[in-house]
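Prediction below, plus the sequence it came from.
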Amino acid sequence: MPKVRVDKAVCMGCGACWALALQIFEENSNTFKSRIKEPYRKEDSGSESIGEIPDNLAGDAKAAAEGCPTGAITVG
Ligand code: SF4
């Protein structure tokens with residue numbers, strides 16, 4: 001189960017990640033930044049959102065990490 005992390009200090013809420021990987025990421029309507037969606041979210045603090053995703057979504061997560069303009073997403 002790959003781990004996915006969004007660094008909220010770095011995320012600027014551009015929306016690229018949830019456009020590229022709608023099953024994994026969503027906009028937090030309070031902060032306008034990205035977070036990991038349920039049921040994959042394991043932790044959601046003020047500074048980061050962490051989740052574990054099934055292996056078949058790893059490619060989508062990596063595409064989102066590569067497409068993130070600020071480098072806020074890490075996978076693995
Ligand atoms: S692509 Fe990066 S900067 Fe844009 S919303 Fe997602 S995590 Fe934030």
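Done, it's in.

dump the residue contacts of residue 71.
residue 10 (CB atoms under 8 Å, 6 or more residues apart in numbering). Backbone N, C-alpha and C define where each C-beta goes, glycine included.

mind checking the SS state of it?
At residue 71 the chain is in coil, as set by DSSP: H, G, I helix; E, B strand; the rest coil.

Which pLDDT value goes with it?
Among the per-residue scores, residue 71 shows a pLDDT of 98.

what do you get for residue 9?
Residue 9 carries a pLDDT value of 97.

so which strand or helix has it?
Counting by DSSP states H and E, no helix or strand carries residue 9.

so what's the residue lying closest to it once chain neighbours are set aside up against?
Among residues not flanking residue 9 along the chain, residue 47 sits closest, at 6.1 Å (CB to CB, 6 or more residues apart in numbering). Residue 47 makes contact with 7-9, according to CB under 8 Å, 6+ apart.

which parts of the protein sit against the ligand?
By the rule CB under 6 Å from any ligand atom, the part of the chain lying against the ligand is 6, 11-17, 33-34, 68-70, 72-73.

Out of these, name the ones that lie in helices.
16-17 (DSSP state H).

Go ahead and build a ChimeraX selection from the buried members of the residues of the chain next to the ligand.
Selection of the buried residues among the residues of the chain next to the ligand in ChimeraX, burial being defined by 16 or more other CB atoms under 10 Å:
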select :6,11,16,17,33,34,68,72,73
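
what about the strands in the chain?
3-7, 25-27, 34-36, 41-44, 48-52, 73-75 (DSSP state E).

Partner strands of the second one, with direction?
What it means is strand 25-27. strand 34-36 (antiparallel) (DSSP bridges).

same thing with the first one?
According to DSSP bridges, strand 3-7 forms sheet pairs with strand 48-52 (antiparallel), strand 73-75 (antiparallel).

For the first one, output the C-alpha coordinates as CSV.
Output in CSV follows, covering the C-alpha atoms of strand 48-52 (Å, rounded to 0.1, in the frame of the first residue of the first chain):
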residue,chain,number,x,y,z
GLU,A,48,-0.1,17.6,6.2
SER,A,49,-2.6,15.1,4.9
ILE,A,50,-1.4,11.5,4.7
GLY,A,51,-3.0,8.4,3.2
GLU,A,52,-2.5,4.9,2.1
